[in-house]
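# please find the sequence and the predicted model below.
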Amino acid sequence: MGEPRHLDAAVKGYSETVRGRDPSISEETIQSFGRNMFGATDFVFSVTRDFVKNCRTPLFLQPGTDKAHPAKTSEEIAALAPNLEVQKDWKAPAHLQESIRRVHAFLEKNTPAA
């Protein structure tokens, strides 16, 4: 879980982005969602460790390296997920084409035929 100042900054930045796109969304709604997204857990926003451990769906992980996407959490996902592909080098323009190629290959390999 992030430190309080980091949480406040993350929610403020999120609020500015969302309200810039759609001013009709209330600040209360944004703050509630922001707290859930940026401060509700020491793992990830939407699932538990147990869910990741038991998830048989193929996952593609580009590990995080910043406060909002901690390396520790990515390492934990990599250790827990049974069907995971990891692309360690992905951040930076130099890795863009390789990232595109890897994501396309992952989707082609793991998308059921229609």
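Done, it's in.
# what stretches of this protein score poorly on pLDDT?
Residue ranges of the chain with pLDDT under 70: 1-7, 38-40.
# where does the residue most central in space within the chain land in three-state SS?
With distances taken as Cα atoms, centre = their mean, the chain has residue 69 as the residue nearest its mean C-alpha position (6.6 Å). Following DSSP: H, G, I helix; E, B strand; the rest coil, we place residue 69 in the coil state.
# what is the burial count for residue 77?
Burial of residue 77 is recorded as 22 neighbouring residues (other Cβ atoms under 10 Å). To be clear about C-beta, it is placed using only N, CA and C from the backbone, and glycine gets the same treatment.
# ok, and for the helix or strand where it lies, which residues are buried?
Residue 77 is part of helix 71-80 when elements are defined by DSSP states H and E. By neighbour count, and taking 16 or more other Cβ atoms under 10 Å as the criterion, the buried residues in helix 71-80 are 74, 76, 77, 78, 80.
# now the residue lying closest to the first one once chain neighbours are set aside: how far from residue 69?
Meaning residue 74. The shortest distance from residue 74 to any residue that is not its chain neighbour, by Cβ to Cβ, 6 or more residues apart in numbering, is 3.5 Å, and that residue is residue 63. Distance of residue 63 to residue 69, given as Cβ to Cβ, to the nearest Å: 8 Å.
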